[in-house]
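>>> make a model of this:
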Amino acid sequence: MGSITIDQDLIEKSDLSENESVLVVDRTNGNRLQTYVIKGERGSGTICMNGAAAHLIRQGDTIDIMAFTWSGTNVQPLFVAVDERNRFVSYVEPGSI
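Numbers count the residues shown, from 1 in each chain. I've put the predicted structure just below:
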């Protein structure tokens, strides 16, 4: 089954939820797909494509993971920067990317 496993620490820092629908964009090859989040081991740095999604996004590719909220309120984007081992580095101010 297709999904994306994400380190539980990153899920919390990114305000994501297990089973939440996300859009994944591969900056390396341009592929895009929609899938859902599975909790990975806390502190592991895991970001892993599962199932058919793994044919579109390969280990070592640079990706963006996006979730969207549908509400009548003004929602501010939340950008999370990670290091080469997918460990939280900082929040990034919108417009500085």
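>>> tell me who's in contact with residue 93.
By CB atoms under 8 Å, 6 or more residues apart in numbering, residue 93 lies in contact with residue 79. Glycine gets a C-beta too; all of them are placed from N, C-alpha and C.
>>> now with 10 Å, please.
With contacts defined as CB atoms under 10 Å, 6 or more residues apart in numbering, residue 93 is in contact with 77, 79.
>>> and for residue 72?
Contacts of residue 72 (CB under 10 Å, 6+ apart): none.
>>> quick check: pLDDT value at it.
For residue 72, the pLDDT comes out at 74.
>>> now it: how far from residue 12?
According to CB to CB, to the nearest Å, residue 72 and residue 12 sit 26 Å apart.
>>> spatially central residue in this protein, please.
residue 65 (3.3 Å; CA atoms, centre = their mean).
>>> for it, give me its contacts.
4, 6, 10, 14, 16, 22-25, 35, 37, 47, 80.
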